[in-house]
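Peer 1: Test case, fold it:
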Amino acid sequence: MTRRLAAALLFPLLCLGNAGAQAPAQEKVLRMFLSTSETGLDPAAASDNATLSLLENLFDPLLRYDYLARPARLRPNTATAMPEVSADGLTYTFRIRPGIHFTPDPAFKGVKREMTAQDYVYSIKRLYNPALKSPWAYMFDGKILGDEVLKKEYDIDKQVAGLQAPDRYTLRIRLKAPDNNFLFYLATPATGVVAREVIEAYPGQAGNHPVGTGPFMVGEWKRSDRIVLLANPYSTAVFHAAPGKGEQYSAEDRAIAAALEGKRLPRVDRVEVRIAEEFQGRMLGFLNAEYDYLEQIPESMTDMVVRDGQLKPELAARGIVLSRFPVLQTYYMWMNMNDPVVGGYGKDKVALRRAISLSYNNAEDIALLKKGFAIKAESPLPPNVLGYDPNYRSPVPYDPVLANALLDRHGYTRRDEDGFRRTPDNKALTLTMHSEATVGGRLRDELWRKCLNAIGLRVVFKSDKKTEIIKASRLGTVQMFESNWIADFPDGDNFYQLLYGPNAGRANYSRFNLPAYNVRYEQARRLTDGPERQKLYFEMNQLIHAYNPWVPLTHVLSGDLRHPWLKNYKRHPVEFTQWRYLDVDVAQRARSGRASP
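Peer 2: Modelled structure (predicted):
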C-alpha cells in the first residue's frame, strides 16, 4: 500500500481529531507557518493571503503559473493545453484532462467522483451568488455573455450563453468584449473547481468542508492554530519543465527542473501548517527548525539574522540560505473616501489627505522598520508588473513643512489645548487608524504617530486582527488602515482596479470613486501593455496623487531564509506557495539534530 493511499484511508480518522498521532519516521513532512489566521476555505469567498495560500493547494483552477518561468507565464493545469481562442478574442475553448477526481467526502456517497467541465461552469456561476459576497465577482461580472440572468434573480441552474460545457471534457466561455487579462483570472484560487454535491451537502458551510482536486487535502484542522494537509492520493499531476521561446533557465532552475522532471506531484506526504502571528515566534520557530523556510524576514527581527546586509556567519555555517526577492507587492495606507473626517472631494478634505501623505517619512520607514529590505513606492505598481514605469516619480514627497502650510491655508489653523489642529469649522479633529495587534503593528503605529503629530494632527489607533479589520473595511466602518496588495496576476490592471469606483466595498477599500479615474481605468483595461496604456496609467497616477485616497508606502524586497534539507525551492512572483514542488531530505534534516517532531 502506498503512503498516499494509506493517507486517504486514514482521512476520516484524521478529520475526527487524530491530532496526537505521530508521523512515520520516513514520512516526508513540510513544516510551515501562516502569518495570520485562515478564514473559511471556500474559493469563492476567501480573499486573505493566509486562506489563499491553503486554497491554491486544495483546489484546482484551469491554469497555473509555470513554476520556473520568469517573467511569470501561464500553463495548463487541469486543461490539456492552453485554450483555443477565437479570432475576435471572445471565445475560449478548454479541453479538460480526463481522470481528475475530487478527494473523498461523504457527499459523494462512496463513489469516486471525476471532475468534469460542468464543475467549472458551476464554480464560476457561484461567484455571482449575492449571498457569498464574493470579492472575486468583479473578474467576471458583466463580462461573460448572458451573465445578466444571474444578476436579475440568482439561480445556479439558469443557463448562461457564454458559460457552457458542450460535453464532459469541453468548457466554452464567451465574453461580451475582449479582455486581455481573462486568462489570468482563470489561474486564481477563486476559480478553483468545487463539486456541487459538496456545496449542497453543507448549506452555508462550504468553507468548513473544503473538497477539491488539488495536490493536497485537509487532514487535521484546529482553527486559527494548526492545519495539516495530506498529499491527495488521487493526484495525477506530473511535473514537466516547459521553457518558453528564447527563455533561458539559470543553473539553479535547471537543477530544480532536472530533480522534478517526470515526477508526480506533490513530493511530500504532509504539510504541517501553524498560525504564527507574532514576528518573534516565526523567527525563533525557523531558527529552531520548526519551519523549513521563512519568507519575508520580519522587519523587527532582521538584526537577529543579518549583519551588514549579509546572513550572519554562524547561520551560514548551519547551511541556512538567505535570498532576496522583489515581491509583486505594494504597501499603502488608504483613507475611506466616505468617512466624515477624512473623506470627500472638497478642497479642505483633499488638503487634509494631501498633508497626511506629505507627512509620511518613507526613508525612516525603509531604514528603521524595513531594515533596508524595501524601496519607495512611487505609484501603486511594483517593479516587474506589466505597466510599471521605472521613471515615474510621485509629485507628493515627504515634506512636513509643506504639509503644515497646506493645512494652514485650508482652514486647519485653530488648535486645541494640546496643540493639535481643529477642523475648519472649529471642531475637534482626531484621526482613527486601524492597525494589526502585533509587534510590527505597534512599531508602525509609532511611526505614523510621529509623522502625523509633526503636522499637528492627533491620531488614535484601534488594534485588531487583520481578518477582522478587513471585514470592517468591506463594510466601510474603517477610517484609515495600512494594508498591502500582492499581485493576483502580473499586470498593472490588478493594482489599478483597487481604486476603481465600482469595486468600492470589495477590493477598493478606500471607496475612491472619481469619474475621471474610472474612465481612464476602463480605457486602459481594453489595451495591452504599450505606450497608449502607459499614458493612461500616468494620468491615473496623477489623479491618485491629486486626491490622495492612498498614501503609497513601499515595495518589499523580501529577505527569505531556508534550511539546507529543503529541496526545489524557488519563490514565485504570483503564487502564494510552492508546496507541491518542494521536497525534504529526511536524512539531512535528522542529521541536523534540530528537527523536532
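
Peer 1: Skip the chain neighbours and tell me the closest residue to P298.
Peer 2: F279 (3.4 Å; Cβ to Cβ, 6 or more residues apart in numbering). Using the backbone N, CA and C atoms, a C-beta is placed for each residue, glycine as well.

Peer 1: Would you enumerate the residues in contact with the one you found?
Peer 2: Residues near F279 by Cβ atoms under 8 Å, 6 or more residues apart in numbering: P298, E299, S300, M301, T438, V439, G440.

Peer 1: With N453 instead?
Peer 2: F420, V459.

Peer 1: re earlier: among the contacts of F279, find me the one that's closest to T413.
Peer 2: G440 (35.5 Å; Cβ to Cβ).

Peer 1: In the stretch 201-350 of the chain, where is pLDDT below threshold?
Peer 2: Counting by pLDDT under 70, the stretch 201-350 of the chain has low-confidence residues at 244-247.

Peer 1: What segments of it are helices?
Peer 2: 251-260, 279-287, 302-305, 313-316, 347-359 (DSSP state H, counting those that start in this stretch).

Peer 1: quick one: contacts of the first one?
Peer 2: Okay, so that is helix 251-260. With contact meaning Cβ under 8 Å, 6+ apart, helix 251-260 is reached by Y67, L68, F239, A241, Y249, R267, K567, N568, K570, Y581, D583.

Peer 1: which ones among the residues you listed are found in strands?
Peer 2: The strands, defined by DSSP state E, take in K567, D583 from those.

Peer 1: Pick out the most distant pair among the contacts of helix 251-260.
Peer 2: The most widely separated members of the contacts of helix 251-260 are Y249 and R267, with 19.2 Å between them, by Cβ to Cβ.

Peer 1: For the two, indicate the residue with more neighbours.
Peer 2: Each of Y249 and R267 has its neighbours counted (other Cβ atoms under 10 Å); R267 has more, 21 against 15.

Peer 1: which residue sits closest to the more buried one in space, ignoring its chain neighbours?
Peer 2: D583 (4.2 Å).

Peer 1: pretty sure the one you found is in contact with K28, am I right?
Peer 2: Yes - under the criterion of Cβ atoms under 8 Å, D583 makes contact with K28 at 7.0 Å.

Peer 1: separation between the residue nearest to P298 and G505?
Peer 2: 31 Å (Cβ to Cβ, to the nearest Å).

Peer 1: Just the buried residues from the contacts of F279, in ChimeraX please.
Peer 2: Selection command for ChimeraX covering only the buried members of the contacts of F279, criterion 16 or more other Cβ atoms under 10 Å:
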select :298,299,300,301,438,439,440
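
Peer 1: Just flag the most distant two among the contacts of F279.
Peer 2: Going by Cβ to Cβ, the pair spanning the contacts of F279 furthest: M301 and T438, at 11.8 Å.

Peer 1: Of the contacts of F279, which is the nearest to P549?
Peer 2: Checking these against P549 by Cβ to Cβ gives G440 as the nearest, at 24.0 Å.

Peer 1: For that closest one, which three-state class applies?
Peer 2: The three-state assignment at G440 reads helix, by DSSP: H, G, I helix; E, B strand; the rest coil.

Peer 1: pretty sure it contacts M301?
Peer 2: No - counting by Cβ under 8 Å, M301 is not a contact partner of G440; they are 9.2 Å apart.

Peer 1: Roughly how far does the nearest residue in space to T423 that is not next to it in sequence sit from P549?
Peer 2: Leaving out its chain neighbours, the residue that sits closest to T423 by Cβ to Cβ, 6+ apart is L429, at 5.0 Å. Between L429 and P549 the computed distance is 19 Å (Cβ to Cβ).

Peer 1: Equivalent analysis for F33, please.
Peer 2: Per Cβ to Cβ, F33 is found 33 Å from P549.

Peer 1: Those two: which is more packed in?
Peer 2: For F33 and P549, the more surrounded residue by other Cβ under 10 Å is P549, and the numbers stand at 27 against 22.

Peer 1: List buried residues within the contacts of helix 251-260.
Peer 2: Y67, L68, F239, A241, R267, K567, N568, K570, Y581, D583.

Peer 1: measure D365 to M301 for me?
Peer 2: The gap separating D365 from M301 is 16 Å, by Cβ to Cβ.

Peer 1: repeat for L186
Peer 2: 38 Å.
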